[in-house]
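In: fold the following.
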Amino acid sequence: MNNLTEELEVLQTHEVGDESCTNMREEALVSEQTSPISVSDSDRTVDSVFHESNDPVPQMMNTKDCDMLRQWLKRPCAQFLLIYKASVNGYDPAVFHRLCDDKGETVTVAYNSYGYVFGGYTQVPWSSTNQSKEDEQAILFRLYSGHDMFDPFVRRSMAKQSTHQKCQAYHKVSYGPSFGAIGSTLTLFHGPHREATNGFTKTNGFCQPGATGYFDFEKFEPHDLLGPNDFNFKEVEVYQVTDSPTLTMPLVSSRRTNSVSSEISAITLPNTSPTLPRASRLAQVLRHKIRDAPTSSDSDSLPKRQSKGGLYTESETWRRLHWDEQTRANLKEEVAHHRPLECFGVRQFRILLLGQIGAGKSSFFNTINSIYRGHVTSQANMGSAPHSLTTRFRAYEVRSSRGGDPLHFRMCDTMGLEESMGLDVSDIPYLLDGNIPDRHQFNPAIRITPDVPGFNQNPTLAKKIHCVVFVVDCSTVSVLSSRIIEKFTSIQSHVHQRGIPIIVLLTKVDTACPYVNRDLSLVYRSKYIQEKVEEISYKLGVPRSSILPVKNYESELELDTKVDILALSALRQMFRFADNFFDDQLDEISEHH
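Out: Numbers count the residues shown, from 1 in each chain. Purely as a prediction, here's the structure:
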């Protein structure tokens, strides 16, 4: 398989004119067709490109870095394709422009000797026009503030907010990647530089953000981006940004093209389409050979680097769900009549929602409430704020209609989890055991004790929690901090001790995947959403079957059938898990008798 893809690489060179061949040989060091990176968080070195000696050269960005960029760019399926690498191509503006000009939107990432990782994004293609360019979407960012210290920081373009701050990128032929008017905000190097023998290259870059204002009114200093004004670089990389998932061929250095060309010349061409150029007919043959090559039955023969974006075919969907109005009606009816076992004397399931601020806990209750009210409601506080908008413990009921009978469940909403504030893990046992009364006012500075007003010393089974739901924003799965994961893990231990089942609600799937954003019914065909399900399953130690993607009502004014179906199917699964909790209680009673 690798030989075939190498042959196609050479064919692409054959199919251009002689004048283009020189540039293609120069670009062979880091091809513009490098694959989107796909790596583990534990390794900063991923995939490979080839330089003249055909030795692999590691790309520097890892999955966590890419997901942070996707979040900043609001492009959850963005792919990053390496097109320039300074340690391979040289710290030379001429080479930078030759490889990066007219390549569309790009991300530049620099790595200095202090371990800072920083750079910029611009949607305006690089050029050699010697002009400053306006870019409303440009950002400057920092990913790491020291060796392996993930410390995200971003500043955004002020082009929309100000009539004067219109220069976000500087396209000067003698400058490398450069941001701000005449590069004043950040320039990585200008003029060529010889790489040092110690693995670092000292350039004449500069950073003066405080004197400009082209990125955010809130001022920032050079040390916010690159530490102690350090332009001693280990690496500078430029990635082309695209939303198109790409199956990419291994790169071939210019020294290998002759041997591969001789292999191509030995291919017998079919007599069909004799009017096509030889190179085009060769391409047809090789594409057929690649199509017929071994697939999943021989994974070792496949290219290692493939994008996980895109959609499965309808027959390959990873979960089955119907999306018609009848399905919605059936689910709504089923949920309305589902109730706990009568032998326990429990009238309502109690479902506890836990999650970070902004993840969508309160929004999920509002979504379910809206379905039964017949219009979009906002009974529970929701929105975007630095700290939790939910400050009280609430055990919300949902009624069959306005003024109708309560349904057989309550959704218990709490403060959001935060790294240093918010709901404290030590309060969780009291919530699970039913000690805390409805409308209890949380105080982050004071832990819950039996002395708090309304504390229930002897709660019945009806007051206890029967199912716990972790609510996680799908677009933040890859950047969940270790502190938040530790909190989830600590909560799990309390939950498991009580035999309470856990579900993970994966919210905002529409903002996480553009396919799902266009059509919510594609959620179980989305490879990206499936990848996030697998990732959160691994991080939290929860089975994939317990992870349920949903979209809450947020900006909509009217109900949507597909939103309702996804939410109701998730709620039905919560009821089924709560049933399991009561089944265990029944087994325990039987054992004692």
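
In: buried residues, the longest helix along the chain. List them.
Out: In the chain, taking DSSP state H as the definition, the longest helix is helix 561-592. Buried residues in helix 561-592, counted by 16 or more other C-beta atoms under 10 Å: 562-571, 573-575, 577-579, 581-582, 585. Yep, even glycine has a C-beta here, placed from its N, CA and C like the rest.

In: and for stretch 130-148?
Out: Buried residues in stretch 130-148 (16+ other C-beta under 10 Å): 132-133, 135, 137-145.

In: residue 523: which of those residues is nearest?
Out: Nearest to residue 523 out of the buried residues of stretch 130-148 is residue 137 (C-beta to C-beta; 27.1 Å).

In: touching, that closest one and residue 157? I think so.
Out: Yes. Counting by C-beta atoms under 8 Å, residue 137 does reach residue 157; the two are 6.4 Å apart.

In: for the record, mean pLDDT for the longest helix of the chain?
Out: Averaging pLDDT along helix 561-592 yields 91.

In: now for it, which elements pack on it?
Out: For helix 561-592, the helices and strands in contact under the criterion 3 or more C-beta pairs under 8 Å, 6 or more residues apart in numbering; DSSP states H and E are helix 325-337, strand 349-355, helix 361-373, strand 467-473, strand 502-507, strand 547-549.

In: mind running it again at 6 Å?
Out: Contacts defined by 3 or more C-beta pairs under 6 Å, 6 or more residues apart in numbering; DSSP states H and E place helix 561-592 against helix 325-337, strand 467-473.

In: of the ones you listed, which is nearest residue 504?
Out: Closest to residue 504 of the helices and strands packed on helix 561-592, according to C-beta to C-beta: strand 467-473, at 4.8 Å.

In: chain center to the following helix or strand past that closest one, what's the gap?
Out: As assigned by DSSP states H and E, the chain's next helix or strand after strand 467-473 is helix 482-497. A distance of 22 Å separates the centroid of the chain from that of helix 482-497, by C-alpha atoms, centre = their mean, to the nearest Å.

In: state the pLDDT value of residue 243.
Out: 80.

In: which residues does it contact?
Out: 77-78 (C-beta atoms under 6 Å, 6 or more residues apart in numbering).

In: could you check how far it is from residue 496?
Out: In this view, residue 243 and residue 496 are 40 Å apart by C-beta to C-beta, to the nearest Å.

In: can I take it that residue 396 is in a strand?
Out: Yes. Assigned with DSSP: H, G, I helix; E, B strand; the rest coil, residue 396 falls within a strand.

In: doesn't residue 411 make contact with it?
Out: Yes. If you go by C-beta atoms under 6 Å, residue 396 and residue 411 touch, sitting 4.8 Å apart.

In: spit out the residues that contact these two alike.
Out: Joint contacts of residue 396 and residue 411 (C-beta under 6 Å, 6+ apart) are residue 365.

In: columns mean pLDDT on top of the helices and strands packed on helix 561-592, output as a markdown table?
Out: Below are the helices and strands packed on helix 561-592 laid out as a markdown table (pLDDT from 0 to 100):
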| stretch | mean pLDDT |
| --- | --- |
| helix 325-337 | 96 |
| strand 467-473 | 96 |
